[in-house]
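1. Sequence and predicted structure below; questions after.
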Amino acid sequence: MPDFDKQSYWHQRFESETAFEWLFPSSTFMPLLEAFLNKLPGSDARILHLGFGTSDLQVQLRMRGFVNITNVDYEPLAIERGRHLEMTAFGDVTMQYITAGATNLASVPKISSQKYHLVIDKSTADAISCAGDDAVLAMAQGIRQSLADDGVWISVSYSAFRYDHPQLPFDVEVIANIPTAKARATDPDIYHYCYLLRPKPKV
């Protein structure tokens, strides 16, 4: 299995890759996000997009009218690709791009000083899980610290057990099962999972 949790893997990959969508296209993800986007306080709601890689999801969000989007990836080539993609789509760059690891969010002042209304990841937790469950927990704890109390985290994963960690600071709900394409009609049903994670009440 590739070292999805290693920056060296992504640096080598992004040297040639300019566009790729994990699990399914961003255009498929946007309708799943729509109900939550509609509940945000306005176009300036703070959105944190983790591990964007070479996806165009941030462009889809800006097209939807949101103006306060922070895109985070720990590979500098992803930052370069993201800025270029935004410039190509809109003729300018207004979104924020931060080079940082998703398991170390609390150590990044530009992130830890904010309270986000919505956090999104599209299979980023899957990549981080290659370093073990504790890495996913570290990601979750960092997100919780930067999430508004009434904010939510929407995550897409190939795993039905991605957020089973007993110390996870979130209540977890699967809000959609997305079927994968079949090569043959007789192939078994395989799904990707869209999770809604709400902060557990503070005690």
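-> Looks like it arrived, so ask away.
2. element containing the spatially closest residue to Y97 that is not a sequence neighbour, please.
-> Excluding its sequence neighbours, the residue lying closest to Y97 (C-beta to C-beta, 6 or more residues apart in numbering) is I79, at 4.7 Å. Any C-beta I mention is one placed from the backbone N, CA and C, and that applies to glycine too. Assigned by DSSP states H and E, I79 belongs to helix 76-90.
3. what comes up buried for that helix?
-> For helix 76-90, a neighbour-count test (16 or more other C-beta atoms under 10 Å) marks L77, A78, I79, R81, G82, L85, E86 as buried.
4. Now do that helix: which elements does it pack against?
-> Judged by 3 or more C-beta pairs under 8 Å, 6 or more residues apart in numbering; DSSP states H and E, the packing partners of helix 76-90 are helix 7-14, helix 57-63, strand 69-73, strand 96-99.
5. what angle do the first one and helix 76-90 make?
-> With axes from the mean of the first three to the mean of the last three C-alpha atoms, to 10 degrees as the basis, helix 7-14 and helix 76-90 are set at 40 degrees to each other.
6. what's the angle between the helix or strand bottoming out on mean pLDDT in the chain and strand 69-73?
-> Scoring the helices and strands of the chain by mean pLDDT, DSSP states H and E places helix 7-14 at the bottom, with a mean of 75. Angle, helix 7-14 to strand 69-73, by the same axes, to 10 degrees: 110 degrees.
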